[in-house]
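*Asks:* structural data only, the sequence is not supplied:
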């Protein structure tokens with residue numbers, strides 16, 4: 001069995017802001033790292049390293065996750 005790992009980096013300081021993992025036996029991704037928050041401007045995470053607000057956009061590419069960094 002293999003695990004799949006994807007990560008997202010802060011566009012400001014280039015530090016890892018969250019990591020997604022998935023096992024072959026599961027279709028859903030497990031997220032570790034900064035929590036997704038929402039406000040009137042949309043979904044975002046706060047970088048724990050530089051405190052930047054990193055915008056997220058909806059995606060259907062990752063079943064069970066639904067966001068990616070909006071650059």
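*Replies:* Thanks, I have it. Given the structure is predicted, the values throughout are model-derived calculations rather than measurements.

*Asks:* rest of the way, CA atoms for contacts and neighbours
*Replies:* Noted.

*Asks:* which helix or which strand is home to residue 21?
*Replies:* Following DSSP states H and E, the helix or strand that holds residue 21 is strand 16-23.

*Asks:* I'd like the next helix or strand past that strand.
*Replies:* Tracing the chain past strand 16-23, the next element assigned as helix or strand by DSSP H and E is strand 30-33.

*Asks:* in the protein, where is pLDDT below threshold?
*Replies:* Within the chain, the segments meeting pLDDT under 70 span 1-3, 24-26, 62-64.

*Asks:* where exactly do the strands run in it?
*Replies:* Using DSSP state E, the strands of the chain run over 3-9, 16-23, 30-33, 37-39, 42-46, 53-58, 67-69.

*Asks:* how about CSV for the ones you listed, with mean neighbour count added?
*Replies:* Written out in CSV, the entries for these read as follows (neighbours: other CA atoms under 10 Å):
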stretch, mean neighbour count
strand 3-9, 13
strand 16-23, 17
strand 30-33, 15
strand 37-39, 10
strand 42-46, 18
strand 53-58, 17
strand 67-69, 18
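
*Asks:* which ones are touching the residue sitting nearest the centre point of the chain?
*Replies:* Among the residues of the chain, the one closest to the centroid is residue 18, at 5.0 Å (CA atoms, centre = their mean). Contact partners of residue 18, counting by CA atoms under 8 Å, 6 or more residues apart in numbering, are 7-9, 31-34.

*Asks:* could you redo the last one with a cut-off of 10 Å?
*Replies:* Taking CA atoms under 10 Å, 6 or more residues apart in numbering as the definition of contact, the neighbours of residue 18 are 6-10, 31-36, 45, 47-48.

*Asks:* please name the nearest non-neighbouring residue to it.
*Replies:* residue 33 (4.3 Å; CA to CA, 6 or more residues apart in numbering).

*Asks:* returning to what we had before: show me which of the contacts of residue 18 is closest to residue 61.
*Replies:* Distances from residue 61 to the contacts of residue 18, taken as CA to CA, are shortest for residue 6 (12.1 Å).

*Asks:* partners of the closest residue to the closest one other than its chain neighbours in the sheet?
*Replies:* Closest residue in space to residue 6, ignoring its immediate chain neighbours: residue 20 at 5.1 Å, by CA to CA, 6+ apart. Beta bridges link residue 20 to residue 6, residue 31, judged by DSSP bridges.
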